[in-house]
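In: Quick one: sequence and predicted model below, then my questions.
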Amino acid sequence: MKTKILLFVIVVLVSLVTGGSIWYSKKTNPRIDCSGYAVWDIDHEVFSGDISYQMHNSQGVITLTGILKTSDSRLYKVSRVIYFTYKKIRKHYILTSSSIVQFPSDNLKDTGERKALPALYLARGASFSLLINKYREGWAFTTVGSPSLLCMDAN
């Protein structure tokens with residue numbers, strides 16, 4: 001009888017420790033998997049399109065598809081995947097692009113200065129800082145005090 005009680009107590013303790021460990025790891029290292037639609041209008045240059053972020057364990061992937069209209073009314077189709085690493089400091093994330101894969105339909109070949117698209121989306125090795133907060137059923141991405149993307153959680 002004592003063996004059964006001891007075994008029961010051990011099973012309960014192992015379950016509690018395992019559950020607590022899983023909860024703690026998700027709380028301290030959240031998985032961000034979300035997508036949204038953005039329109040960025042900066043100094044007569046407009047990007048409008050779909051953005052998807054997947055982030056976990058200091059690595060991430062951004063899928064970016066849309067249209068960039070420059071101040072001289074040229075239109076560029078943007079369709080690319082950006083691989084990046086990030087460092088988290090409280091709720092601030094510093095992203096650094098490590099690889100950019102352009103799809104054949106992407107005709108934004110030059111990586112010159114674009115006002116509506118941060119360098120992170122255009123050039124390998126570029127860094128970008130974001131404040132990311134949980135917001136309702138998704139995430140709020142903020143840059144320089146203003147929201148830049150509200151995205152729905154894909155999980």
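Out: Structure's in. What do you need? Numbers count the residues shown, from 1 in each chain.
In: give the contact list for residue 40.
Out: 46, 47, 48, 116, 117, 148 (Cβ atoms under 8 Å, 6 or more residues apart in numbering). Quick note: C-beta positions are derived from backbone N, CA and C, even for glycine.
In: Apply 6 Å and report the result again.
Out: With contacts defined as Cβ atoms under 6 Å, 6 or more residues apart in numbering, residue 40 is in contact with 47, 116.
In: partner residues bridging it?
Out: Going by DSSP bridges, residue 40 is paired in beta bridges with residue 47.
In: burial count for residue 144?
Out: Neighbours of residue 144 under the rule other Cβ atoms under 10 Å: 7.
In: what's the distance between it and residue 120?
Out: 14 Å (Cβ to Cβ, to the nearest Å).
In: mind checking the SS state of the residue nearest the centre of the chain?
Out: Centroid-nearest residue in the chain, with Cα atoms, centre = their mean: residue 53, separated by 3.4 Å. Of the three states, residue 53 takes strand according to DSSP: H, G, I helix; E, B strand; the rest coil.
In: Show me what it is bridged to.
Out: residue 34, residue 62.
In: Could you list the domains of the chain?
Out: Domain ranges of the chain: 1-30, 32-153, per automatic domain parsing.
In: Can you give me the end-to-end span of the last one?
Out: From the first residue to the last, domain 32-153 extends over 7 Å; the measure is Cα to Cα, to the nearest Å.
In: How far does it sit from its chain's centre?
Out: 8 Å (Cα atoms, centre = their mean, to the nearest Å).
In: Give the rounded mean pLDDT of it.
Out: Averaged across domain 32-153, pLDDT comes to 90.
In: what's the spacing between residue 40 and residue 95?
Out: Taking Cβ to Cβ, one finds residue 40 at 16 Å from residue 95.
In: ditto for residue 85
Out: Distance of residue 85 to residue 95, given as Cβ to Cβ: 8 Å.
In: related to what we said a few turns ago, so what's the residue nearest to the centre of the chain up against?
Out: 32, 34, 62.
In: Report the contact partners of the second one.
Out: This points to residue 34. By Cβ under 6 Å, 6+ apart, residue 34 lies in contact with 53, 138, 139, 151, 152, 153, 154.
In: Pick the one among these closest to residue 101.
Out: Among the contacts of residue 34, residue 53 lies closest to residue 101 (Cβ to Cβ), at 15.8 Å.
In: Before I go, just wanted to say thanks for your time.
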